[in-house]
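S.K.: Sequence first, predicted model second:
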There are 6 protein chains.
Amino acid sequence: MTERADGRQLDELRPVTIERGWSSQAEGSALISFGNTKVLVTASFTNGVPRWLTGQGKGWVTAEYAMLPRATNDRSQRESVKGKIGGRTHEISRLIGRALRAVVNTKALGENTIVIDCDVLQADGGTRTASITGAYVALADAIEWGRAKGFIGKKAVPLTDSVAAISVGIIDGVPMLDLPYVEDVRAETDMNIVMTGSGKFIEVQGTAEGAPFDKEELDQLLVLGAQGCAELTTQQTAALAAEK
Amino acid sequence: MTERADGRQLDELRPVTIERGWSSQAEGSALISFGNTKVLVTASFTNGVPRWLTGQGKGWVTAEYAMLPRATNDRSQRESVKGKIGGRTHEISRLIGRALRAVVNTKALGENTIVIDCDVLQADGGTRTASITGAYVALADAIEWGRAKGFIGKKAVPLTDSVAAISVGIIDGVPMLDLPYVEDVRAETDMNIVMTGSGKFIEVQGTAEGAPFDKEELDQLLVLGAQGCAELTTQQTAALAAEK
Amino acid sequence: MTERADGRQLDELRPVTIERGWSSQAEGSALISFGNTKVLVTASFTNGVPRWLTGQGKGWVTAEYAMLPRATNDRSQRESVKGKIGGRTHEISRLIGRALRAVVNTKALGENTIVIDCDVLQADGGTRTASITGAYVALADAIEWGRAKGFIGKKAVPLTDSVAAISVGIIDGVPMLDLPYVEDVRAETDMNIVMTGSGKFIEVQGTAEGAPFDKEELDQLLVLGAQGCAELTTQQTAALAAEK
Amino acid sequence: MTERADGRQLDELRPVTIERGWSSQAEGSALISFGNTKVLVTASFTNGVPRWLTGQGKGWVTAEYAMLPRATNDRSQRESVKGKIGGRTHEISRLIGRALRAVVNTKALGENTIVIDCDVLQADGGTRTASITGAYVALADAIEWGRAKGFIGKKAVPLTDSVAAISVGIIDGVPMLDLPYVEDVRAETDMNIVMTGSGKFIEVQGTAEGAPFDKEELDQLLVLGAQGCAELTTQQTAALAAEK
Amino acid sequence: MTERADGRQLDELRPVTIERGWSSQAEGSALISFGNTKVLVTASFTNGVPRWLTGQGKGWVTAEYAMLPRATNDRSQRESVKGKIGGRTHEISRLIGRALRAVVNTKALGENTIVIDCDVLQADGGTRTASITGAYVALADAIEWGRAKGFIGKKAVPLTDSVAAISVGIIDGVPMLDLPYVEDVRAETDMNIVMTGSGKFIEVQGTAEGAPFDKEELDQLLVLGAQGCAELTTQQTAALAAEK
Amino acid sequence: MTERADGRQLDELRPVTIERGWSSQAEGSALISFGNTKVLVTASFTNGVPRWLTGQGKGWVTAEYAMLPRATNDRSQRESVKGKIGGRTHEISRLIGRALRAVVNTKALGENTIVIDCDVLQADGGTRTASITGAYVALADAIEWGRAKGFIGKKAVPLTDSVAAISVGIIDGVPMLDLPYVEDVRAETDMNIVMTGSGKFIEVQGTAEGAPFDKEELDQLLVLGAQGCAELTTQQTAALAAEK
């Protein structure tokens, strides 16, 4: 029988906390934890859109992801010091942006821009999925801020659904949910799943790090992932229902 | 009934050609076409490995992807002129490298490095999948070059399998194989599938560009992709079987 | 009579909190707040020194300062995205490093390197002085970590004193202590004072933003600053005395 | 008697081929070979000019040159990866642009911009001269494209002449035409000559790599170069006369 | 008794020369020497202001500082070659700009921009203070140029005072004025003082490089610095009084 | 009859001055003027060679060229601020390096490196030719410095000849020598000629900026250039013969 590093069940998430409204500066924000992984997400609302989008009556949502240099066990050099952004950072920023845009009706958002910043304060696996999950909460609050200020119509529905994300993987042939760093490095297959609150797929990214995987394993991972996303959806709903 | 832009069947690949050994300089090379998409792949073999890998008896395979500025319909600024590599370029380079390493036994490769360069001379959708498919041919030839020079053992088997890749997508609710640019921009869901010659998955990357997708659609796309990869495997085998 | 924005006395600090050991990854860390200004400081300990210092039996302490893009009221572009570090960032990083090195006996530290990262999570004036004050706590813990691991001698005294910093300024001709952002932008003269726990000056940086200042004003600012640093020293001592 | 590496006469060009219209995307294009040197040239036509030229009734022609990383015998690092363009690349890009502009009447071109991209797919000496020679063909086709689209007047004559270029050099005291790489590295003097179809000089760049040269040697090189350019002019004319 | 490296008194400046109008291109310029330290300062006058300042009826003064690679005893790599500006360069550029703006009435300057360039041709300590002192002369001449051209009102008084700067320091416990490089590297405390011609402080930057300093030492340094600045003010006045 | 802007004869140089030993820091230096063009050249001598040359018993000479931002009539942005070096700067740096290496016997120089810095303090045409001409003087002095220090053999002859350079051009069909900026911008053909003291060519770079040129014009330019270089050689000899 497979024992997990922290004693969890194979289909069990790490403790999740969402501190909504952590920032006193941003229009929406959340400090989200998946176990020891902690991400500070802010949503910055600006009335108006980038020049290339002007006059189309549509809004824009984009995201940037970064890690503090000592979020990880060994210190990494800052990307600002290197003078360039690495491939991994680019890839995750693009993923977060795509995931959020998949639940945004840009017409209903109107000519407004929301920039999501996901800064990993502490990293222990699953930073991209925690970022997406927390970003949805910050985004929802920024939209309500824009509505309160009159930048978004009173009855407009810019969010068509909610979005959450989780990682799954196969270790020693066993599929399991929400991998911390120690499991992540051992996984033969690693998959990130992004789903809507209504249970459809937005993004499925499965990678064989060790042995290639077959259809049956893929199906098992998708089931685990769907379950994890559903639980995260519940948490997001609770966070957004609370008084701010 | 859905008609495709170029009259193909839903499960039909565009014409594929592989000009093996196109370069007189590189240890392995291929000019691969998927319809109007043309990618020049070279494999550069170096005896020795990067410093961080020295002394472990293992080799290294990595890849870089780029597009000529006028590969596309509108000219893009060169990344060398911008002074930095974009997120899309980084992401595809990393994907190609991971895909190839998934079929390489680095112990059998020995302390040798192979750098794959995929330069898109003309782009019409599917440049990343054409790159991976052509890269396998260039890689195989570079390995044989290394064996002939004595850098790789006579009986070593550095390649554990072959690898090919294809794109699939859903347009107007209809899943189809190998999307050219005009179809790609219209797709609701876009998926890239990387598989071994023996039919297992190395990478599955599905993205909802429009509507989220469900499990049934995902399954249909996987079937189409598996069929396309199998056909590409046949073409790779034929190219490598020919006299160089 | 001058009223301060938040009702404080002219010589009163904002509420100060020091969450020592905030990070589970770093050898030393502190989340320090001066009112709404919040800085996460980590101290990364490495056995060994940069090449240019090797073989001299001396250690090295350096610092990097940065702000999250939405730490401020308006979002700033990331320096990693710009591809270069701004003058202000450079200047503050250098100041923090100098301030810490002024209380470090590098011989007693031995050939070890400590890198301090000060990341401003939320900014409301005084980010550089909060950084220095929090950095001392993180540094002290990293040194004890190094001693516990045997990298620093049991009886070595790498810290010759403590260090704290505070801002002072003149608004409408009135000197006052610890300026938040709303006061900082109105100040005619702005001064940052870095002092040892024993009450000596490490750095005095006074700048006339509006009217030039005279010796009497300078003296008043120095008195206020010395008082503020003394209070911060008390807080640092308390934080370090607590169980971690 | 001097034998050349490939058995050519001293005043003999390597085999030249010009595949006009190689690209299905660009308004003008050519894949040109001087022996093993292969350059893909595209000409991108845009109606309008850069801001600094607006409103003067004049067009603009510029060029960029680059090499694929494995165009050469040893792989070079990509300039996009280095984050900057090398001196040699800059120098050749500027040379190509100047050479083309010398035969362009910018008034007759009207407010249109043509960007020439010369990408070296395989390098064996003479890449800059092959680039210029191929660029003329691509430029001529792009101009005709602009005329067909109505961006250039029906009777306008934007091209005042044709332009071609060739290298010459002195090896062991013997002047010779069109040096491949193996000869180029041995040459005492290396000269690139750019001429109009009517036999006048646009650019003469002679460099003593080994011994300085005298007037008599210079004159011999100019005669050889003029002969080579004349032959290339014939080839350009033939390529442009053929059906596309 | 403390002997100085060059035999000067403790409160004695090095020989100062100001070659006003050195450049035949710039609207204002000065080649200033503090002993072996030589800085070429130019002031470039442009009618108009940066976009962010347009329409406010105010001008803008900014400064850039740099060193030639062999200004120092060992050659430094050019910042243009490194591709980025170092922290020290940034810090000094900002200091010079602040110092000059402290004596400029931007309303009286009108919507004009003056860019000050301070290029150190030879460095022997005190390059930032020589830069500020020379910059005032160049700035004054550029303003008069602007007045002569009619860009500045005939009776406008853009300069509210003059500005000069000097370094002071403590070596072996002894405060002294205007440190050359050999003294600068030995100083326990190093201070740069920027003052108006009327004797008020614009900037006081004192740093403990070795032992922290106390209030009494600080006061002694301020006295020395004030005396040095007063002498420099006299020299500036003389330079500006001379026929150009 | 053609009148020149400054009343000179067609074959007359502008006043040339060479202040040898201008820098008190560099091993060799010269402040050279060609009329209003002023270039500060320093030669930095280092015992040892770059890694790629180690152990071959040969030395290395290289050059860097740059302009101060206000050397020209309009201020240019610093290349350090832009973060990259422009094509023109690269091209001229490479030219100066090649010109100097053409008169250096690297075996006789031994494993020593000399870096030439040519910084244009004021620009009025001919900055690259003034740089080369001044660089020879600085180089010669740096070599003698190295000999005096024992890094170069007492009887070694690292310099095989001297080198000087001048510009020539055709304006309104008339060839003339040493063009200042006002003539340079009007020239139909512009040529830079680099020659040895013994009258041989090192580099000939002729460019048709307007009308292409023919062999006869080329010959006239070469005659003028040879005469100019001969005069510069005389000046170099005089400068080097004087007591330093």
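M.R.: That came in fine, so what should we check first?
S.K.: Just the pLDDT for A:Lys244.
M.R.: The score at A:Lys244 is 68. That number is its pLDDT.
S.K.: swap in A:Leu221?
M.R.: 97.
S.K.: What of the one 3 residues further on?
M.R.: A:Leu224 is assigned a predicted lDDT (pLDDT) of 97.
S.K.: dump the residue contacts of it.
M.R.: A:10-11, A:168, A:175-177 (CB atoms under 8 Å, 6 or more residues apart in numbering or on different chains). C-beta: built from backbone N, CA, C; applies to glycine.
S.K.: Could you confirm it falls within a strand?
M.R.: No: with DSSP: H, G, I helix; E, B strand; the rest coil as the criterion, A:Leu224 is located in helix rather than a strand.
S.K.: Now do the contacts for the residue nearest to A:Leu13 when sequence neighbours are not counted.
M.R.: Leaving aside its sequence neighbours, A:Leu13 sits nearest to A:Asp178 (CB to CB, 6 or more residues apart in numbering or on different chains; 4.9 Å). Residues in contact with A:Asp178 (CB under 8 Å, 6+ apart) are A:8, A:12-14, A:34, A:126, A:166-168, A:228.
S.K.: What does A:Asp178 show for phi and psi?
M.R.: phi 60, psi 80 (degrees, to the nearest 10).
S.K.: Can you give me every residue that contacts the nearest residue to A:Met67 once chain neighbours are set aside?
M.R.: Sequence neighbours aside, A:Val120 is the residue nearest to A:Met67 in space, at 4.3 Å (criterion: CB to CB, 6+ apart). Neighbouring residues of A:Val120 by CB under 8 Å, 6+ apart: A:37-39, A:65-68, A:71, A:127, A:131.
S.K.: With just CA atoms, put the lowest-mean-pLDDT helix or strand in chain A into PDB.
M.R.: Within chain A, confidence by mean pLDDT, DSSP states H and E is lowest for helix A:79-82 among all helices and strands, at a mean of 90. In PDB, the C-alpha atoms belonging to helix A:79-82 read as follows (Å, rounded to 0.1, in the frame of the first residue of the first chain):
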ATOM      1  CA  GLU A  79      14.500  37.200 -12.700                       C
ATOM      2  CA  SER A  80      14.900  41.000 -12.500                       C
ATOM      3  CA  VAL A  81      18.600  40.500 -11.700                       C
ATOM      4  CA  LYS A  82      19.000  38.100 -14.500                       C
END
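S.K.: Give the other helices and strands that whichever helix or strand comes after it contacts.
M.R.: Counting by DSSP states H and E, the next helix or strand C-terminal to helix A:79-82 is helix A:87-101. In this structure, helix A:87-101 makes packing contacts with strand A:60-67, strand A:112-122, helix A:127-148, strand A:163-171, strand A:189-196, strand A:201-208, helix B:87-101, judged by 3 or more CB pairs under 8 Å, 6 or more residues apart in numbering or on different chains; DSSP states H and E.
S.K.: For F:Ile193, find the nearest of these.
M.R.: helix B:87-101 (44.0 Å; CB to CB).
S.K.: List the buried residues of that closest one.
M.R.: By neighbour count with 16 or more other CB atoms under 10 Å in any protein chain shown, helix B:87-101 contains the buried residues B:87, B:89-101.
S.K.: what about A:Thr17, neighbour count?
M.R.: By other CB atoms under 10 Å in any protein chain shown, the residues close to A:Thr17 number 13.
S.K.: Which residues are in contact with it?
M.R.: A:32-33.
S.K.: and it, backbone torsions?
M.R.: According to degrees, to the nearest 10, A:Thr17 has phi -130, psi 140.
S.K.: In PyMOL, how would I select the buried members of the contacts of A:Leu224?
M.R.: Per 16+ other CB under 10 Å, the buried members of those correspond to this PyMOL selection:
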select buried, chain A and resi 168+175+176+177
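S.K.: okay if I get the contacts of A:Leu224 as TSV plus secondary structure?
M.R.: Converted to TSV, those look like this (three-state DSSP):
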residue	secondary structure
A:Leu10	coil
A:Asp11	coil
A:Val168	strand
A:Pro175	strand
A:Met176	strand
A:Leu177	strand
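S.K.: could you pick out which of the contacts of A:Leu224 are near chain B?
M.R.: Residues of those in contact with chain B (CB under 8 Å from any CB of the partner chain): none.
S.K.: which one of the contacts of A:Leu224 is nearest chain F?
M.R.: A:Val168 (42.4 Å; CB to the nearest CB).
S.K.: Chain neighbours aside, what residue packs nearest to the residue in chain A that chain F sits nearest to?
M.R.: Residue of chain A nearest chain F, by CB to the nearest CB: A:Gly83 (8.3 Å). Excluding the flanking residues, the one nearest A:Gly83 by CB to CB, 6+ apart is C:Gly83, at 5.2 Å.
S.K.: Can you tell me the element A:Glu183 falls in?
M.R.: helix A:181-184.
S.K.: buried set for that helix?
M.R.: A:181, A:183-184.
S.K.: Settle this for me: A:Val61 is touching A:Ala108, isn't it.
M.R.: No: judged on CB atoms under 8 Å, A:Val61 makes no contact with A:Ala108 at a distance of 12.0 Å.
S.K.: Neighbour count: the two, which is higher?
M.R.: The neighbour comparison of A:Val61 against A:Ala108 (other CB under 10 Å) goes to A:Val61, with 25 against 17.
S.K.: Is that one bridged to anything, and to what?
M.R.: Per DSSP bridges, the residues bridged to A:Val61 are A:Ile114.
S.K.: Now do the same contact list for it.
M.R.: Under the criterion of CB under 8 Å, 6+ apart, the neighbours of A:Val61 are A:97, A:100-101, A:104, A:106, A:109, A:113-114, A:116, A:139.
S.K.: Name the member of those residues with the most neighbours.
M.R.: A:Ile116 (29 neighbours).
S.K.: Quick check: the gap between the nearest residue to that residue once chain neighbours are set aside and B:Val204.
M.R.: Excluding the flanking residues, the one nearest A:Ile116 by CB to CB, 6+ apart is A:Ala63, at 4.1 Å. Note on A:Ala63: its distance to B:Val204, by CB to CB, to the nearest Å, is 23 Å.
S.K.: show me what contacts A:Asp141?
M.R.: A:Asp141 makes contact with A:20-21, A:27-29, A:43, A:240, A:244, according to CB under 8 Å, 6+ apart.
S.K.: Correction: the previous question concerned A:Leu218.
M.R.: So A:Leu218 contacts A:206, B:201, B:204, B:222 (CB under 8 Å, 6+ apart).
S.K.: Adding neighbour count and distance to E:Arg4, write those residues out as JSON lines.
M.R.: Listed next are the contacts of A:Leu218 as JSON lines, based on neighbours: other CB atoms under 10 Å in any protein chain shown; distance: CB to CB, whole Å:
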{"residue": "A:Gly206", "neighbour count": "24", "distance to E:Arg4": "73"}
{"residue": "B:Phe201", "neighbour count": "24", "distance to E:Arg4": "77"}
{"residue": "B:Val204", "neighbour count": "24", "distance to E:Arg4": "75"}
{"residue": "B:Leu222", "neighbour count": "21", "distance to E:Arg4": "82"}
